[in-house]
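A.B. asks: Sequence and computational prediction follow.
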Amino acid sequence: MKKKVYYIFIILLANMVFVPMFSSFIYAQRCPTNTFGASPGSFKIGNKDVTGFSGTDNNTMITICLGDVVPLKNTDPGVSQASTWYYPEQPAGSPASIGASGFNNISSYKFDKAGVWLFMQSSTGASGAKFACQVINVITPKQPVVEQITSCSNNEFIITFKNDPNNNFDQYQISYKPVPGPPIVQNVSFTAADLPYTVPPQVGLGSSPRAIEIRGYNKIGTSCAAPAYSVGPLTPNSSTVPRPSLVSLEGVGGGTYNLAFSGQNGTAMKAYLKESGASYNFSTPYQSFISQSNGIETVGFTVPDKTKQYCLKLEAVDNCPGTIPQAHLSNDELCTIPFSVTTDPVNKKNIIKWTSLPSTLRSFTEYKLERTDKNGTKTVLLQTPFISANQQEDNNLTCGETYTYQLKGTYGSYTLTEPIQVKTTWPETLSNIPYVFTTIENGHVTVKSAFDITPTNLAPNSYKFYKLNPATGSYDFLAKNGLGTYDDLTADFNSGSFCYQVTWESLCGNESPKNNPVCTIFLKADGQIPYWTSQPPQSDGVGYYKLTKLSPSVSDFNVGKGTTWTTPFPASDGQVIELQVTSLSATGKNGPSVSNIIKISRPSRLMAAEAFTPNGDIDNDIFLAQGIFVKKVEMSVYDRWGNILFFGKTDDLAANANFGWNGLTPAGERAPQGNYVYKIVGEDSAGNTLVKEGSFVLLY
C-alpha cells in the first residue's frame, strides 16, 4: 500500500494515539534530528541495523548497487509490521523540502535510481510515534580499476588497486582460476582513503597458469551486478628469493668499506646497520641498491663514525611484500673492526689497537695482523684464535721506514680493516757535514759537500742547501738533492759574495745541524791594488790564499791569509793584467775555491821632448813620439805659420823606436832653427785614445 504524506507530525496525546502526519523539515543528505517529539524507532535494511534519528551511524552512508532488492524488517518489538511505513527519498537539493511517497507493510525495496537517498521509517505503537532513518548511497556498479598485477616469487601475485572513483565497493572478490581446476578465492576490503591499495599476496596458488577475475561487492544488497575485471591466464613465478650470503667486509679508508656478497641479478637489496650491542631497525634500511650479478658482488658503503663498531645484515627483497618479515635476510652478519696505529718514539715501537669482534659472531677462527714494508715484504705480527684480543706492539723497526698494517678477522666470513701507513721516527743525534766549500766553475757558483765516511743512515735525496738572504740575515732553503753538490745558476758572482750552508737528513727523517757558512771569494781592485772578501769559502777554514796573474803571462803569488796584494807588477807585464784568487783549505780535505776574475788596467802616457838638434851627431837628431803602454801613434809637426812639415804614423810604437821627425822639410831641406808645434794622437793597449799637443825648439 502506498500513500502520499506531507511531513507534518500532529501528535494527538489524547488516548496516546499517534497519527503519522509529516510537517516539512530541512536536511542536507543526512537524517533529521528529533524536532517533532517522536521516539527512536528501529529497522533492519539488508544486514544493517538502523536506530533512531540523525547521528554518526545514521549519517554514514551505506552503499547499495543500482537495481538491488534490499530486505527490510521492523526490529522494534512494540510496533507491528502493519503499522510501519517506509519513506525512500532522494534529496532534490541541499537543503530541500521533500514530499515522500510511503510504503506500508513491505519486506524489501528495490533502489532504481543512483545517488544519495534518505531511507526513513515511521511507525506507531503502544508507546506512541517512532522514527528511524539511514543515509544510503546507490551506485551504478563499475568495473574495478586495477593499477598493476605483479608476479612474485613462490607462485604469488600482488594486485594494486588504483586511486579511482570506480573503486567504491565495500568488498572485492579475487578469483585465481587455474587452467583447468577450481578457483582460489581471496576477499579483501578497503576504503577510498586507503587508495591506492595493494592486496597482500595469495599463497598456495601452485605453479600452473591462473586467470585472475576481480569483482566488487557491497555489504548491503544481494544483486550487485558489477562488471568483473579479468586478466590472464598469467604464469606464476615459481622461483624463490634466497637469503644472500655474506662473504667479506674490507675497509678501504675513511670509514668506507666494500661489502662482498652472493649477488642475485636484478634483485633489490637492503643493508641494515647497527652499532655493536644495539638492535637492528628493520623498518629503515641503511642503504638500498639493486644487485647487478649472480656471482660474488661488491658494494661500497661508509659508516657514520669509523671509530665505532658496526654490524651489518643484508636482505634480498622480493617484488611483493613478504608474508614473513625479513624472510630473505642473511643468516649471518658482518662487523667492522675499528683499527688504529700509533708510534712510540721514546720506546721505538708502534702500537696497534683494534675493537674486538662481538662474541656473538659464530664460527670465529682467528685474528691475523700483518705488516708490509716498503719493499712489499709481509710479516705476520700476530695470529691468535682469541676473539677478545685487541692490541699488539711492533718493536722490530727501522727508523725512517714506512710500514703498512692491516688486521683480518675470520669468522666464516671475514673482516679486513683499512690499511694504515705509519712512518717510524724517533730522536737522533746527528753531526753536521764536515767538509763543505763553494767555488766558481763552468760559469756559475757551485757548492760541494763531503763526509770522511758516509753515514749508514744517510737517506736518499737528503742533502739540503740553504742560502743567505741579505735582507733578513737568515739562511733560506734553496734546494734538496741526493748528490751533495748544488749549482746556483742565479748567483751573479761578479757582483758580490754569496754564502751557503748544507745539512743532511737521516733515514729516520731527522735533519743534521748546519755547517759553518761558506762564501764565494769576491775579488775586486782599488785602482791597481787587488783585494777580496774575508769570509772563508771552506768549512774547515783557509790554509792560505794564492793570487794568480792569468795574463799576459801566468804567475802565482802566495798571499798567506791576507786578503790584499800591494806589490806592483812590472811594466813588462803590460797595461792590462787578469787576476784570480784561489783559497786552499786548512786541512786539505776541502777542494780549492776560486774567485771571480778581474782585470787591472794601468795608466798609459804619451811623451815628447821640448827641443832637439838634428845636426848629424846621432845624439837627439830626431824629434821622437814616445809613450808608456802606447801601441799606435800618429804625429804631425807644423811651423809657426801652420804649415805642416811632417806627418807619420805607426801601429807598433814599441817596435819602431825611432819614429819621429828628422828636421827636414817636405822639400828635403833642413828646417831653420826656431819654435815648432806638434800634435800626437795615440792608442794604448787597452784601446784608449791619447792626445798630446805642444811646442818644441829646433837647434843646431
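C.D. replies: It's in. The model shown is predicted, which means the values in this text are computed figures rather than measured ones.
A.B. asks: Spatially, and excluding backbone neighbours, which residue is closest to the residue nearest the centre of the chain.
C.D. replies: Centroid-nearest residue in the chain, with Cα atoms, centre = their mean: G254, separated by 11.6 Å. With sequence-adjacent residues excluded and distances taken as Cβ to Cβ, 6 or more residues apart in numbering, G254 is closest to K306, at 6.7 Å. All C-beta spots, glycine's among them, are computed from the backbone N, C-alpha and C.
A.B. asks: what's the answer for I644, then?
C.D. replies: In space, and not counting its chain neighbours, I644 is closest to Y638: 5.6 Å by Cβ to Cβ, 6+ apart.
A.B. asks: D76 now?
C.D. replies: Per Cβ to Cβ, 6+ apart, closest to D76 is S42, 4.9 Å.
A.B. asks: Check A611 too.
C.D. replies: In space, A611 is closest to V697, 4.2 Å off (Cβ to Cβ, 6+ apart).
A.B. asks: what is the rounded mean pLDDT of the strand or helix carrying the one you found?
C.D. replies: Assigned by DSSP states H and E, V697 belongs to strand 689-698. What strand 689-698 shows for mean pLDDT is 96.
A.B. asks: Output it in PDB, but only the C-alpha positions, please.
C.D. replies: Extracted in PDB, the C-alpha atoms of strand 689-698 (Å, rounded to 0.1, in the frame of the first residue of the first chain):
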ATOM      1  CA  THR A 689     142.900  57.200 -27.200                       C
ATOM      2  CA  LEU A 690     145.500  59.600 -26.000                       C
ATOM      3  CA  VAL A 691     146.200  63.100 -27.500                       C
ATOM      4  CA  LYS A 692     149.300  65.300 -26.800                       C
ATOM      5  CA  GLU A 693     149.900  68.800 -28.200                       C
ATOM      6  CA  GLY A 694     152.700  71.200 -27.600                       C
ATOM      7  CA  SER A 695     155.700  73.100 -29.000                       C
ATOM      8  CA  PHE A 696     159.400  72.400 -29.100                       C
ATOM      9  CA  VAL A 697     162.600  74.200 -30.200                       C
ATOM     10  CA  LEU A 698     164.800  73.100 -33.200                       C
END
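A.B. asks: Run through who's touching that strand.
C.D. replies: 604-614, 623, 627, 630, 663, 671-684 (Cβ atoms under 8 Å, 6 or more residues apart in numbering).
A.B. asks: And the residue nearest to G254, how far from I149?
C.D. replies: According to Cβ to Cβ, to the nearest Å, K306 and I149 sit 46 Å apart.
A.B. asks: Also F119?
C.D. replies: 38 Å.
A.B. asks: between the two, which one's more packed in?
C.D. replies: F119 (23 against 16; other Cβ atoms under 10 Å).
A.B. asks: mind listing what the more buried one touches?
C.D. replies: For F119, the contact set (Cβ under 8 Å, 6+ apart) comprises I45, V50, Y86, Y87, P88, E89, Y109, C133, Q134, V135, I136.
A.B. asks: Work out for me the element it sits within.
C.D. replies: Using DSSP H and E, F119 maps to strand 115-125.
A.B. asks: Show me how the chain divides into domains.
C.D. replies: In the domain annotation for the chain, the residue ranges read 2-139, 146-234, 246-335, 339-423, 430-602, 605-698 (automatic domain parsing).
A.B. asks: so which of these comes closest to T240?
C.D. replies: domain 146-234 (5.3 Å; Cβ to Cβ).
A.B. asks: measure that closest one end to end?
C.D. replies: End-to-end distance for domain 146-234: 15 Å, by Cα to Cα, to the nearest Å.
A.B. asks: what do you get for stretch 251-271?
C.D. replies: Taking Cα to Cα, stretch 251-271 runs 17 Å from one end to the other.
A.B. asks: Quick check on D170: phi, psi?
C.D. replies: Per-residue torsions, D170: phi -80, psi -30 (degrees, to the nearest 10).
A.B. asks: And the residue nearest to A611, how far from N675?
C.D. replies: The gap separating V697 from N675 is 6 Å, by Cβ to Cβ.
A.B. asks: E370 and G376 touch, don't they?
C.D. replies: No - using Cβ atoms under 8 Å, E370 makes no contact with G376, being 11.7 Å away.
A.B. asks: Those two: which is more packed in?
C.D. replies: Using other Cβ under 10 Å as the criterion, E370 and G376 rank with E370 on top: 16 against 7.
A.B. asks: Which pLDDT value does the model give the more buried one?
C.D. replies: Looking at E370, the pLDDT reads 98.
A.B. asks: contacting residues for it?
C.D. replies: For E370, the contacting residues are K378, T379, V380, L381, Y405, Q406, L407, K408, by Cβ under 8 Å, 6+ apart.
A.B. asks: any idea which of the residues you listed is the one closest to T582?
C.D. replies: T379 (55.4 Å).
A.B. asks: if I pick the closest one, what's in contact with it?
C.D. replies: Counting by Cβ under 8 Å, 6+ apart, T379 makes contact with E370, R371, T372, D373.
A.B. asks: That one should be in a strand, yeah?
C.D. replies: Yes - per DSSP: H, G, I helix; E, B strand; the rest coil, T379 lies within a strand segment.
A.B. asks: and it, bridged to which residues?
C.D. replies: R371 (DSSP bridges).
A.B. asks: For H328, see how far away it is.
C.D. replies: Distance, T379 to H328, using Cβ to Cβ: 42 Å.
A.B. asks: ok, back up a step: going by distance to S123, which of the contacts of F119 wins?
C.D. replies: For those, the nearest to S123 is Y86 (9.5 Å; Cβ to Cβ).
A.B. asks: Show the pLDDT at that closest one.
C.D. replies: 87.
A.B. asks: burial of it, as a residue count?
C.D. replies: Counted with other Cβ under 10 Å, Y86 comes out at 22.
A.B. asks: That one pairs with what?
C.D. replies: With DSSP bridges as the rule, Y86 is bridged to F103, Q121.
A.B. asks: is it true that it touches S108?
C.D. replies: No - taking contacts as Cβ under 8 Å, Y86 lies outside contact range of S108: 10.2 Å.
A.B. asks: residues shared between the contacts of the two?
C.D. replies: L72.
A.B. asks: got the buried residues for stretch 640-653?
C.D. replies: L645, F646, T650, L653 (16 or more other Cβ atoms under 10 Å).
A.B. asks: do stretch 433-442 as well
C.D. replies: I433, P434, Y435, V436, F437, T438, T439, I440.
A.B. asks: Tell me if I am right that the fifth one is in a strand.
C.D. replies: In this case it means F437. Yes - membership of F437 in a strand is supported by three-state DSSP.
A.B. asks: ok, it - contacts?
C.D. replies: V447, K448, V518, P537, Q538, S539, S585, N590, G591, S593.
A.B. asks: give me the low-pLDDT residue ranges for the stretch 451-600 of the chain?
C.D. replies: Along the stretch 451-600 of the chain, the model assigns pLDDT under 70 to no residue.
A.B. asks: And the helices in the stretch 1-150 of the chain?
C.D. replies: Here the stretch 1-150 of the chain has its helices, by DSSP state H, counting those that start in this stretch, at 56-59.
A.B. asks: beta partners of Y678?
C.D. replies: V637, G694.
A.B. asks: mind listing what it touches?
C.D. replies: A608, F623, M635, S636, V637, Y638, E693, G694, S695, F696.
A.B. asks: Got a quick PyMOL command for the buried subset of those?
C.D. replies: Command for PyMOL, covering only those of those found buried under the criterion 16+ other Cβ under 10 Å:
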select buried, resi 608+623+635+636+637+638+696
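A.B. asks: Low-confidence regions, the chain specifically.
C.D. replies: 1-29, 35-36, 91-101, 153-154, 179, 198, 200-205, 219-225, 238-239, 319-327.
A.B. asks: redo that, cut-off 50
C.D. replies: 1-27, 92-99 (pLDDT under 50).
A.B. asks: Now F161: closest residue in space, sequence neighbours ignored.
C.D. replies: Per Cβ to Cβ, 6+ apart, closest to F161 is Y197, 4.7 Å.
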